[in-house]
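Undergrad: I'd like to go over a predicted model; first the sequence, then the structure.
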Amino acid sequence: MFRSLAGVNYRIWAAGALVSNVGTWMQRTAQDWIVLTQLTHNNASAVGIVMALQFAPQLLLLPVTGWAADHLDRRRLLMLTQGLMGLLGLGLGLLTVSGAVQLWHVYLFALALGVVAAFDAPARQTFVSDLVAGPNLSNAVALNSASFNAARLLGPAVAGLLVAAVGAGWVFLINAATFGAVLLSLLTLRKEKLYRSERAKRSRGGLVDGFRYVRRRPDIVVILIMVFLIGTFGLNFPIFISTMSVSVFHQGAGEYGLLSSIMAIGSVIGALLAARRERPRVSMLFAGAAFFGAGCAIAAVMPTYWLFALALIIIGVSSQTLMTTANGTVQMTTDPLLRGRVMAIYMAIFMGGTPIGAPIVGWVADAFGPRWAMGVGAASGFAAALVGVFYLVKYRGMRVRFTGLRPRVVLSPREEAREELEEAEATATRAS
């Protein structure tokens, strides 16, 4: 399960990233809380606007972010982006501690963070292939997700306690300090042990080449559609959890942070299960989407705080299964020369849908109530599952056969043979 940690560079990177991820989740929790409860009167639409501003640059800057990930030194690019994000956290923290922060300040900092993150995300995703050899790449991607969500266990809970005790401003300042850990890890990496892949040649049609490549890959196209549906309308957890906590269950900052941590339990489980698999399977995308829709539907009707918290574990497992499988499949099956551009397209669709979905989901929560907003998330999961079923039937020959009264999903003989061959190749590569 932890085989990619055998490499010293990945261990160094993972340690620094874990500390920084804790700070990131602390800031996200504190930011959503002050927007909802201090800078507005429980206005979910304002939270949606913050999310939209933070993720819109992923889509708007797509022509240059993918190019940067494929052509520039990823380690140096990450040092720049991580340093800038630390400075932005410092600036917002100083404004908040001084009592001068206003809603438009949060909007401005969210937009600036989104611009920097647009360059950081594809570089960070593809940098894993510089740290880990090919056979262990899928495991490293899954462990990255496990680390991110392990930080999600601690970060929101600590943030909730600190917001209640000393205020949100100190949470932002602590987050700024945690970026020092990832910068230190980047500085101490052993350069001679990096897996330097061939950099793409500079060309004017670089991004167009990425789109052409994706268009020829129906498996990647269906992944992008599923990720867009759930990323746009389903992964609006700051809105779902904050509005349910405040408006439905009438809880405080500590209880709100605890809900985010409880959902992270499911996310960590999902990521570790993905790490156990030899390679990502497209069928897991369908299962993850279907269970995500079911989890949101169950959470929407839970009558008490603690039952809602239990439903969040289902959402955490299913969403992480879906996203880790999608990320691993795209990275492992993409031409290395185009990986940065394809991952930029992936991240733009994954994050870039938020400016569309978050304001809509926030409006639904304000107009009809948080439970109906959760229903929008459920619908996105079921819609993504239907897209996955369509792909499996059309391109993989999936059929349902009955053994007595028991249904069994099978692929065409050709696809089953291909999966067996891929499994054997993965096992042989790992053994060698």
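TA: Received the coordinates, thanks.
Undergrad: quick check, central residue of the protein?
TA: Residue closest to the average C-alpha location in the chain (Cα atoms, centre = their mean): M323, at 6.8 Å.
Undergrad: return the distance of that residue relative to A14.
TA: Noted for M323: a distance of 18 Å to A14, by Cβ to Cβ, to the nearest Å. (C-beta placed from N, C-alpha, C; glycine too.)
Undergrad: can you pull out the low-pLDDT segments for the stretch 201-350 of the chain?
TA: 201-207, 275, 278-280 (pLDDT under 70).
Undergrad: strands along the stretch 251-400 of the chain, start to end?
TA: 399-403 (DSSP state E, counting those that start in this stretch).
Undergrad: how many neighbouring residues does the residue lying closest to V141 once chain neighbours are set aside have?
TA: The shortest distance from V141 to any non-neighbouring residue, by Cβ to Cβ, 6 or more residues apart in numbering, is to G328 (4.5 Å). Applying other Cβ atoms under 10 Å, we find 25 other residues in the vicinity of G328.
Undergrad: ok, K193 next?
TA: A total of 12 residues lie near K193 under the criterion other Cβ under 10 Å.
Undergrad: now do the contacts for it.
TA: By Cβ atoms under 8 Å, 6 or more residues apart in numbering, the contact list for K193 reads G7, V8, N9.
Undergrad: OK, contacts around the second one?
TA: Residues in contact with V8, defined by Cβ under 8 Å, 6+ apart, are R190, K193.
Undergrad: hang on, the earlier thing: do you know how far the residue nearest to the centre of the chain is from F390?
TA: 20 Å.
Undergrad: what does S380 give?
TA: S380 is 16 Å from F390, by Cβ to Cβ.
Undergrad: between these two, who's got more neighbours?
TA: The residue with more neighbours, out of S380 and F390, is S380; 27 against 14, by other Cβ under 10 Å.
Undergrad: from I265, how far off is the more buried one?
TA: 22 Å.
Undergrad: again, but for M226
TA: Distance from M226 to I265, by Cβ to Cβ: 24 Å.
Undergrad: what's the closest non-adjacent residue to P156?
TA: In space, P156 is closest to S260, 3.4 Å off (Cβ to Cβ, 6+ apart).
Undergrad: and the one you found, what does it touch?
TA: By Cβ under 8 Å, 6+ apart, the contact list for S260 reads W25, T29, R152, G155, P156, A157, F237, I241.
Undergrad: among those, which one sits closest to F172?
TA: Nearest to F172, judged by Cβ to Cβ, of the contacts of S260 is T29 at 10.9 Å.
Undergrad: find the nearest non-adjacent residue to W170, please.
TA: L162 (6.1 Å).
Undergrad: next, that neighbour: phi, psi?
TA: Dihedral angles of L162 (phi, psi; degrees, to the nearest 10) stand at phi -70, psi -40.
Undergrad: which stretches in the stretch 101-250 of the chain count as helices?
TA: Applying DSSP state H, counting those that start in this stretch to the stretch 101-250 of the chain gives helices spanning 103-131, 137-165, 168-188, 206-215, 218-233, 237-243.
Undergrad: can you get me a residue count around the closest residue to G252 other than its chain neighbours?
TA: Of all residues not flanking G252 in the chain, A164 sits nearest, at 6.6 Å (Cβ to Cβ, 6+ apart). Here the number of neighbours of A164 (other Cβ under 10 Å) works out to 16.
Undergrad: ok, now A373?
TA: For A373, the count of nearby residues is 27 (other Cβ under 10 Å).
Undergrad: that one: what's it in contact with?
TA: So A373 contacts A44, N236, I239, F240, T243, V361, G362, V364, A365 (Cβ under 8 Å, 6+ apart).
Undergrad: return the member of those nearest to F148.
TA: Closest to F148, out of all of the contacts of A373 and judged by Cβ to Cβ, is N236, at 17.6 Å.
Undergrad: look up how far M51 lies from the closest one.
TA: Counting by Cβ to Cβ - N236 and M51 are separated by 7 Å.
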